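S.K.: Sequence first, then the predicted structure, then my questions.
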Amino acid sequence: MRDVWGGWRVVVLGLVAAAPIAAWSRAQPEVTGYAVLGLDAASIGPHARIETGNVGVNRGTAFLGRGARVAGSVAADIVRLARNVRLGGLSCRILEGRQTATGCGVLTSPLVDSDQLTLVQALAGGAEVSVPPRASTAPLAPGAYGALVVGRHGLLLLGPGNYDVRSITLAPHGNLLCTGRCRIRVQEGVLLKRGARLGPTAPATTPDVRVEIEGSGPATAFRTQTRAQVMGTVYAPRGEVVLGGRGHYQGVFVAATVKVERGARVQAVGGF
């Protein structure tokens, strides 16, 4: 397992220094530059870092917790700031909090045209796939499946292609990796427990993994626990995406609501 993921452990992209509050840029970011895009809301938790890319809310509120850092810009109808937040730019209609002296740049909304926000339909199958703890698999063929479950320290490989599944659950330090470009449509939800990983078998300049979740309602569509790692695009237009604390997330994360928890690191890779 160390050989598969060694590249991710040693590649650490430094945080681009965000401008101090007095020097906030007034330019609204381009659509292609978002790391986090909430359709209704987004929150960046205390001391979380958006190391590359922007944060946006299509129509709604963005909240940044104490000590949060965004190397790029933040764009939302309403922006709420806790103490000691650092941003590279700001566009909004209403700014609330303790750092409001310079106001907002002009905001044009919605940030993303509704034509780009297609709904997801996953046609899951009945065959479930379960990987025992500390076991690994040959690449699974594209197709329709039920629940994908990976045990502790287990490894499930997916070959290139399209997959429709009911749900994905990775136990602590479990791994689900794609050997090539793959698209995974999920009917219910995705859960990565502590230290679990989802992404390609090797780091890539443009992520080859796209996870689309159909699920809506009270259950979280995509959730990771502490120290998880994700590399790819995650899209849940009717649900909530929660990126767990102290995890490392590379890609683009788009959902009705996106929450980045305390101490997590997010880097924009690729585009929506």
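M.R.: Noted; the coordinates are in hand. Residues are numbered from 1 along each chain as shown.
S.K.: Any stretches of the stretch 101-250 of the chain with poor pLDDT?
M.R.: With pLDDT under 70 as the threshold, the stretch 101-250 of the chain has low-confidence stretches at 101-102, 204-207.
S.K.: As a check, name the ranges of all helices in it.
M.R.: Along the stretch 101-250 of the chain, counting by DSSP state H, counting those that start in this stretch, no stretch forms helices.
S.K.: quick one: the strands in the stretch 51-200 of the chain?
M.R.: In the stretch 51-200 of the chain, strands defined by DSSP state E, counting those that start in this stretch lie at 54-57, 61-64, 69-81, 86-97, 129-131, 143-144, 147-150, 155-158, 161-170, 175-178, 182-192, 197-200, listed in chain order.
S.K.: Dump the ones you listed to a markdown table, plus mean neighbour count and distance to Gly245.
M.R.: C-beta here means a position set from N, CA and C on the backbone, and glycine is covered the same way. Supplementary listing: these in a markdown table, determined by neighbours: other C-beta atoms under 10 Å; distance: least, C-beta to C-beta, whole Å:
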| stretch | mean neighbour count | distance to Gly245 |
| --- | --- | --- |
| strand 54-57 | 29 | 17 |
| strand 61-64 | 23 | 15 |
| strand 69-81 | 24 | 15 |
| strand 86-97 | 19 | 19 |
| strand 129-131 | 18 | 26 |
| strand 143-144 | 14 | 34 |
| strand 147-150 | 22 | 21 |
| strand 155-158 | 22 | 24 |
| strand 161-170 | 21 | 17 |
| strand 175-178 | 24 | 20 |
| strand 182-192 | 22 | 13 |
| strand 197-200 | 24 | 16 |
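S.K.: Out of those strands, which is closest to Leu119?
M.R.: The minimum distance between Leu119 and the strands of the stretch 51-200 of the chain falls on strand 182-192, with 11.1 Å, by C-beta to C-beta.
S.K.: The closest one packs against which elements?
M.R.: Contacts defined by 3 or more C-beta pairs under 8 Å, 6 or more residues apart in numbering; DSSP states H and E place strand 182-192 against strand 161-170, strand 209-213, strand 222-224.
S.K.: so what strands line up beside the first one?
M.R.: Using DSSP bridges, strand 161-170 pairs in its sheet with strand 143-144 (parallel), strand 147-150 (parallel), strand 182-192 (parallel).
S.K.: now do the last one
M.R.: When pairing is defined by DSSP bridges, strand 222-224 lines up against strand 182-192 (parallel), strand 229-243 (parallel).
S.K.: contacts for that strand?
M.R.: Outside of strand 222-224, the residues that reach it under the criterion C-beta atoms under 8 Å, 6 or more residues apart in numbering are 189-192, 196, 211, 213, 230, 234, 236, 239-244, 247, 249, 255.
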